[in-house]
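Participant: Turn this into a structure:
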Amino acid sequence: MTTPKMDQLQAAVQNADDGDFLRELIGFAAQRLMDLEVEAFTGAGYGERSAERQTCRNGYRDRQWQTRAGAVDLRVPKLRQGSYFPSFLEPRRATEKALVAVIQEAYVHGISTRAVDDLVHAMGGTGVSKSEVSRLCKEIDERVQAFLNRPLEGDWPFVWLDATYVKARRNQRIVSLAVIMAVGVNTDGRREVLGMKIGLSEAETFWTEFLRELTGRGLRGVQLVVADEHQGLKGAVEKVLGATTQRCRVRFMRNVLARVPKAQKSMVSAMVKTAFTQETPEDAYQQWREVADRLRPQFDKAAELMDAAEHDVLAFMQFPKELRTKLHSTNTLERLNKEVKRRTNVVGIFPNEEAVERLVGAVLLEQHEDWAVTRRYMPVETLQALCQPEDTNTPPALAAE
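Facilitator: Predicted structure coming up:
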């Protein structure tokens with residue numbers, strides 16, 4: 001005896017052309033799987049009366065499923081209470097959802113370019129309604145905002161700051177927006193994305209406002225901030241965090257070598273790097289000044305830059321040797337910046353600032369989650385000793401306790 005479901009399958013097979021057979025078979029299997037999942041979710045079968053029933057069906061919503069066999073039309077069951085999403089339609093990762101939302105938003109606002117159109121069609125879309133965009137954006141925004149505004153607990157001895165630029169529409173004009181990002185290491189040696197902010201420039205007031213927002217969420221215990229020579233950044237760090245600023249060594253070397261003829265770049269680079277190989281801060285500063293004096297007669301501009309940047313570039317030498325390779329540059333943020341640029345370059349010109357925050361915030365959230373399951377970035381013992389130095393003035397009775 002055959003069941004109604006088997007009768008449906010036999011009819012689908014008999015009526016389908018050879019080219020449609022696989023697609024019909026996939027559609028039948030998917031529909032049957034959804035029925036089984038909804039039955040388990042509701043606690044009862046379709047039309048079945050049961051005391052264990054949790055909720056009832058409430059019709060269907062149509063959805064196209066892109067498969068290798070072609071587009072399969074699905075009827076996804078809806079519920080009166082709660083929601084159901086088929087397990088075999090794995091939800092896109094947060095960043096991919098954000099990318100789709102940004103592109104769709106641009107499409108709806110009538111500002112799509114050929115590149116955006118090509119990408120939309122490559123994703124299997126031919127257009128989207130404003131209500132669909134609104135629903136998708138709301139879902140992403142809730143996750144991104146919860147992440148960017150979460151409390152920051154414990155001490156964060158090291159923070160990296162950097163900025164990148166994207167283009168967006170603002171008041172009927174296309175403007176360049178600064179996106180500043182912060183990454184920190186806590187006393188457990190774990191890296192976390194601390195936050196981001198979007199503005200028109202990197203003025204000191206902008207950096208100050210961003211850092212105050214971080215301290216308002218709980219950022220504390222910062223000893224060193226690693227960053228490039230951003231305008232107004234050093235003053236904001238001193239004012240809000242009271243911390244030392246480490247100038248990115250990699251970018252400093254580029255600046256120095258830009259003041260030296262091509263034929264002498266290798267020689268000058270090797271000379272400057274000898275200061276970084278010293279064991280103690282005192283030896284590093286002495287070697288730095290000796291190299292600057294040796295360069296001065298022939299490369300006075302490079303020597304002047306070394307004089308001005310001495311304390312900023314060598315600030316990392318004040319910390320334990322096993323931490324220095326992670327503290328002398330913004331490399332930990334450079335890789336994150338490249339990923340942000342890779343995603344934002346796909347969009348080109350964002351329709352508004354909210355779309356920028358949505359996509360960049362989703363990229364940062366994705367990276368944050370990846371770091372949470374990887375090995376520690378710095379050794380715990382060294383960090384805890386650095387943040388909680390032994391107090392030699394502690395009374396013996398308290399120490400015993």
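Participant: Pick out the least confidently modelled helix or strand of the chain, by mean pLDDT.
Facilitator: Ranked by mean pLDDT, DSSP states H and E, the weakest helix or strand in the chain is helix 396-400, scoring a mean of 40.
Participant: Please identify the buried residues of stretch 74-89?
Facilitator: Buried residues in stretch 74-89, counted by 16 or more other C-beta atoms under 10 Å: 74, 76, 77, 79, 84, 86. In this view, the C-beta of every residue, glycine as well, is placed from N, C-alpha and C.
Participant: Pretty sure the third one sits in a strand.
Facilitator: Yes. Counting by DSSP: H, G, I helix; E, B strand; the rest coil, residue 77 is located in a strand.
Participant: what residues are up against it?
Facilitator: Residue 77 makes contact with 34, 35, 38, 57, 59, 60, 84, according to C-beta atoms under 8 Å, 6 or more residues apart in numbering.
Participant: Can you say which of the residues you listed are buried?
Facilitator: Under a neighbour-count criterion of 16+ other C-beta under 10 Å, the subset of the contacts of residue 77 counted as buried comprises 34, 38, 57, 84.
Participant: what's the pLDDT at residue 44?
Facilitator: Confidence per residue is given as pLDDT, and for residue 44 that number is 83.
Participant: How many residues are close by it?
Facilitator: Here the number of neighbours of residue 44 (other C-beta atoms under 10 Å) works out to 19.
Participant: which of the contacts of residue 77 lies closest to residue 360?
Facilitator: residue 84 (31.6 Å; C-beta to C-beta).
Participant: Show me where the stretch 201-350 of the chain dips below the pLDDT cut-off.
Facilitator: Counting by pLDDT under 70, the stretch 201-350 of the chain contains low-confidence ranges at 231.
Participant: Could you pull out the strands in it for me?
Facilitator: Taking DSSP state E, counting those that start in this stretch as the test, the strands found in the stretch 201-350 of the chain are 224-227, 244-247, 349-350.
Participant: so which of these comes closest to residue 380?
Facilitator: When the strands of the stretch 201-350 of the chain are ranked by proximity to residue 380, the top entry is strand 224-227, at 17.6 Å, counting by C-beta to C-beta.
Participant: Point out the least confident one among the buried ones among the contacts of residue 77.
Facilitator: In terms of pLDDT, residue 84 ranks lowest among the buried ones among the contacts of residue 77, with 82.
Participant: you'd agree it is up against residue 41?
Facilitator: Yes. If you go by C-beta atoms under 8 Å, residue 84 and residue 41 touch, sitting 6.0 Å apart.
Participant: Can you list which of the contacts of residue 77 are found in helices?
Facilitator: Applying DSSP state H to the contacts of residue 77, the entries found in helices are 34, 35, 38.
Participant: May I see those arranged in JSON lines, with distance to residue 385 as well?
Facilitator: Compiled in JSON lines, the ones in helices among the contacts of residue 77 are given as follows (distance: C-beta to C-beta, whole Å):
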{"residue": "34", "distance to residue 385": "56"}
{"residue": "35", "distance to residue 385": "60"}
{"residue": "38", "distance to residue 385": "56"}
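Participant: Between its first and last residues, how far does stretch 167-180 reach?
Facilitator: 14 Å (C-alpha to C-alpha, to the nearest Å).
Participant: And the closest residue to residue 204 other than its chain neighbours, how far from residue 334?
Facilitator: Of all residues not flanking residue 204 in the chain, residue 232 sits nearest, at 2.8 Å (C-beta to C-beta, 6 or more residues apart in numbering). Here residue 232 is placed at a distance of 21 Å from residue 334 (C-beta to C-beta, to the nearest Å).
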